[in-house]
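Student: From the sequence below, what's the structure:
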Amino acid sequence: MHPENLARLADYLKAQGMQAALISNPFNITWLTGYAPAIQTGPSPFEGGPALGWFIDGELTLLLTDWEAATASALGVKVHPYIGYTVEEPLACTRRMVTALGEMLKPFASLQGVVGVEMNQLPAALYASLSDMLPHATLQNLDRQLDPLRAVKTSEEIAKIRAALRLADLAQEQIRAQIQPGVSELELWQSVKSRIELEAGGRVPVLVDLVAGVRTSEIGGPPTSYKVQAGDPVMLDFVPRLDGYWGDNCAVWFVGEPAEQLKAIYKVVQGALQAGANAIHPGLSAGDLDALVRGYIRDAGYEPYPHHSGHGLGAIYHEEPRIVPNHPMRLEPGMVLVLEPGIYLPGVGGVRLEDAYLVTADGCEVLTKHLSTVPGISTGGET
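Tutor: Numbers count the residues shown, from 1 in each chain. Sure, this is the predicted structure:
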């Protein structure tokens, strides 16, 4: 459980005049409890919907399938399970979850006042049951309202993010050691994924861009059968989830000596990343940080990248603070964010470099180490 985050939720609901809340956003479930559902195969056909959290009087109860219950209970979470699969009725899980929600809410049937509800991830059948079981309550949309509460991390969350970032750094170490002419993007991916899961001791959900050659000008994409050639840039943007929390980093490694254009843009992107890191401090707005990093690229004579300059990390791999134009959120100690400037030259190649930072009382701590040991142009295997 994450008691500090449960306390933040309680304080927020009280300030908003809400008596209780039904949480359906799976990332908020992780933020509150530490429980993170398996995501390698996508939504399960044997569950009626996402895990739901019923929060009232400072206590949270999770509604989830019987096959997930033991994992959540081991974290100290109070669980109201329902049967997700039977041989006789393998796909009756929605009906069983509706019934279980009714059972869980029955003691609160006389509840009056406002109940916050995250609607976006809540199936219609479950909303209908919620309305039926709380006839005297006023249901109020709670979607996106908890996002700012997640931005400042607890010490436990920071430790989990550090562990995920260590995997991301290991991924960069692995690909740097493996790139050489003739190896395919898919072979590189196989090597990286195997190394990470052996290190973690199990399967690791991961998002990845792994592209080489001129494909790096396309910002990203999945690995293909393309075989790396001498002089190629190889871009790995690696985003692993460990224990419910995400890491993220990106680097470009070269096979031997890169073209002069690629050397030039690498140095500009490296400078933009460093300028952004130097500027991070409490009170700086996300929009101003974006403008600084994006402006560095523009001032060097290149078209600024078409994506964000960075984003927060936590129970989601892309959360507040979002480093985008004009965003007013101000940095605070305890926020974890990444910066990822890039330059992309069609038909030539691209460079994106990304580090993660913990905002501190007087600046920031660099949490990723994959770029810190390589000055200037970074090279991989020998030609």
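
Student: quick one: residue 236 is in a strand?
Tutor: Yes - Residue 236: assigned to a strand according to DSSP: H, G, I helix; E, B strand; the rest coil.

Student: what about it, distance to residue 285?
Tutor: 30 Å (C-beta to C-beta, to the nearest Å). All C-beta spots, glycine's among them, are computed from the backbone N, C-alpha and C.

Student: The two - which one has more neighbours?
Tutor: Taking neighbours as other C-beta atoms under 10 Å, residue 236 and residue 285 compare with residue 236 leading, 29 against 16.

Student: Surely that one is in contact with residue 248?
Tutor: No - look at residue 236 against residue 248 with C-beta atoms under 8 Å: they stay out of range, at 11.4 Å.

Student: What residues sit buried inside stretch 118-132?
Tutor: Within stretch 118-132, the residues that qualify as buried are 118-119, 121-123, 126-127, 129-130, counting by 16 or more other C-beta atoms under 10 Å.

Student: Now, the residues you listed that are in helices?
Tutor: Using DSSP state H, the subset of the buried residues of stretch 118-132 located in helices is 126-127, 129-130.

Student: mind checking the SS state of residue 337?
Tutor: strand.

Student: Pull the contacting residues for it.
Tutor: Contact analysis of residue 337 by C-beta atoms under 8 Å, 6 or more residues apart in numbering lists 280, 310-313, 321, 323, 331, 356-357, 359.

Student: Most neighbours among those residues, please name it.
Tutor: Neighbour counts for the contacts of residue 337 (other C-beta under 10 Å) peak at residue 323, which has 30 neighbours.

Student: Just to check, that one is in contact with residue 290?
Tutor: Yes - here residue 323 reaches residue 290: they are 4.8 Å apart, a contact under C-beta under 8 Å.

Student: which residues are in contact with both of these two?
Tutor: What both residue 323 and residue 290 touch, as defined by C-beta under 8 Å, 6+ apart, is the set 308-310.

Student: among the residues you listed, which are in strands?
Tutor: The strands, defined by DSSP state E, take in residue 310 from the shared contacts of residue 323 and residue 290.

Student: Reformat the contacts of residue 337 as TSV; add distance to residue 102.
Tutor: Listed next are the contacts of residue 337 as TSV, based on distance: C-beta to C-beta, whole Å:
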residue	distance to residue 102
280	49
310	44
311	39
312	37
313	37
321	39
323	43
331	44
356	43
357	46
359	44
